[in-house]
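Q: the amino acid sequence is not available; the structure is as follows:
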């Protein structure tokens, strides 16, 4: 997940020896705005960073707690937005 998001140009944190990846939302979108965009355009759900407090705004947390083939499908949908 981390590798693919980085390849797509996203700024990504975590995901090394951990199941969570934090990504900076593109174009200064608020975390809930990016959440809605992903849901509508890619059918991918993450956790808006704002839910973790003010420091989380502008980020989205994704989880790798899924089957590898489902994560690959989600990354293909990310590429399409």
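A: Looks like it arrived, so ask away. Since the model is a prediction, treat every value here as computed from it, not as a measurement. Numbering: from 1, shown residues only.
Q: going by C-alpha atoms from here, please, whenever you check contacts or count neighbours.
A: Will do.
Q: contacting residues for the closest residue to residue 80 other than its chain neighbours?
A: For residue 80, ignoring the flanking residues on the chain, the nearest one in space by CA to CA, 6 or more residues apart in numbering is residue 42 at 7.4 Å. Residue 42 makes contacts with 74, 77-78, 80-81, as judged by CA atoms under 8 Å, 6 or more residues apart in numbering.
Q: measure residue 42 to residue 53 for me?
A: Computed with CA to CA, to the nearest Å, the distance linking residue 42 and residue 53 is 25 Å.
Q: ok, now residue 76?
A: In terms of CA to CA, residue 76 sits 30 Å off from residue 53.
Q: likewise residue 40?
A: 24 Å.
Q: more neighbours: these two, which one.
A: Taking neighbours as other CA atoms under 10 Å, residue 40 and residue 53 compare with residue 40 leading, 12 against 9.
Q: how about that one, secondary structure?
A: When classified by DSSP: H, G, I helix; E, B strand; the rest coil, residue 40 comes out as helix.
Q: okay, it: pLDDT?
A: Residue 40 carries a pLDDT value of 96.
Q: same check on residue 66?
A: You'll see residue 66 listed with a pLDDT of 88.
Q: now do the contacts for it.
A: With contact set as CA under 8 Å, 6+ apart, residue 66 has no partners.
Q: and it, helix, strand or coil?
A: When classified by three-state DSSP, residue 66 comes out as coil.
Q: distance of it from residue 54?
A: With CA to CA as the criterion, residue 66 and residue 54 are 28 Å apart.
Q: equivalent analysis for residue 75, please.
A: The gap separating residue 75 from residue 54 is 27 Å, by CA to CA.
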